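Visitor: my questions concern the predicted model and sequence given below.
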Amino acid sequence: MWAAVLLAGAVANAAPPGAESGVQSTLNEESPDVFLAKATLQQYLSRVVRKDWEAARRLTHPKALGVISQWANRDAELKTFRFIGTRQVSPGAVLIEVGEDSYRPEEEGMSVDDPAVYLLFRSRGGFLVADKKAGVELSDVSDQAVRVGYPGYVDQQVQAQARRESALFDGRHR
C-alpha cells in the first residue's frame, strides 16, 4: 500500500518530460573532466588578468613551465575572456576555446574576442594548463594532434582508470 502511495506521489511531483533542473541539465551537457578543466582555466586566466604570475604558474602543467614564456604576447595585456566551446579529447585531456579581449599599449586600444584554444590535462590530482594555441578555433585542433603532440601529459593513473572503466562498459570484465 505504502509503495503505491509513494509511487503515485513521485509521479505527481515529477517534472514533465524534457523539463530538467538547471543542475541536472548542466551535468548532462558536460562531463566532469570538462567541468573541472573549465574551472581550472577560469582560475588561471583570472590570475593572468590580475598579473598574479606565481598563482598562474601553480595552475600550469610541469611540462609546460619551460615554454610558458612563449605563450605570453608581451605586446598585449589580457583584460577579459569568455568561454566559447569545449571538447574532451580523451579521459584527462580537454580543449577549451576562449575569446580574449586584450589591451595593446603600442596601439593604445583593445583587441576584442581574439580566439585561442587552451589545452588542459589531468595531472597531479587536478587539471593543469599545458598549452595555448593563439589565433585558432576549436575546430582547428584535431584530437589526433593532441594525442600525438602531448605524450605523457595525462597522469598514468588517469589513463589506467579510463582503460578499466572502458573495459567495464565494453563488457570485457565480469
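Guide: Sure thing, it's come through.
Visitor: just the pLDDT at G22, thanks.
Guide: On pLDDT, G22 comes in at 54.
Visitor: ok, now how distant is the residue nearest in space to the middle of the chain from G126?
Guide: In the chain, the centroid-proximal residue (C-alpha atoms, centre = their mean) is A37; its distance is 3.1 Å. For A37, the distance to G126 (C-beta to C-beta, to the nearest Å) stands at 9 Å. (C-beta placed from N, C-alpha, C; glycine too.)
Visitor: just V117 next, same as before
Guide: For V117, the distance to G126 - C-beta to C-beta - is 20 Å.
Visitor: quick revisit: now the nearest residue to the residue nearest to the centre of the chain once chain neighbours are set aside, what's its secondary structure?
Guide: With C-beta to C-beta, 6 or more residues apart in numbering as the criterion, A37 has its nearest non-adjacent residue at 3.8 Å, and that residue is V94. Secondary structure state of V94, per DSSP: H, G, I helix; E, B strand; the rest coil, is strand.
Visitor: I'd say V94 and Q88 touch.
Guide: Yes - with contact defined as C-beta atoms under 8 Å, V94 and Q88 form a contacting pair (5.3 Å).
Visitor: who's in contact with L78?
Guide: 45, 48-49, 100-102 (C-beta atoms under 8 Å, 6 or more residues apart in numbering).
Visitor: just checking: what are the partner strands of the helix or strand harbouring it?
Guide: For L78, the host element (DSSP states H and E) is strand 77-90. Each strand paired with strand 77-90, and its direction, by DSSP bridges: strand 93-104 (antiparallel).
Visitor: buried sites along the partner strand?
Guide: Across strand 93-104, burial judged by 16 or more other C-beta atoms under 10 Å covers 93-98, 100-102.
Visitor: again with stretch 107-118
Guide: Under 16+ other C-beta under 10 Å, the buried positions of stretch 107-118 are 114-118.
Visitor: and that stretch, what's its mean pLDDT?
Guide: 92.
Visitor: dump that stretch to CSV, restricted to CA.
Guide: Written as CSV, here are the backbone C-alpha positions of stretch 107-118 (Å, rounded to 0.1, in the frame of the first residue of the first chain):
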residue,chain,number,x,y,z
GLU,A,107,48.2,50.7,-30.4
GLU,A,108,46.5,52.3,-27.3
GLY,A,109,43.5,50.2,-27.9
MET,A,110,41.7,46.9,-27.3
SER,A,111,41.6,43.9,-29.5
VAL,A,112,38.3,42.1,-28.9
ASP,A,113,37.4,38.5,-28.9
ASP,A,114,40.7,37.1,-30.2
PRO,A,115,40.4,33.3,-30.5
ALA,A,116,42.6,31.0,-28.5
VAL,A,117,42.4,27.3,-27.6
TYR,A,118,43.8,26.1,-24.3
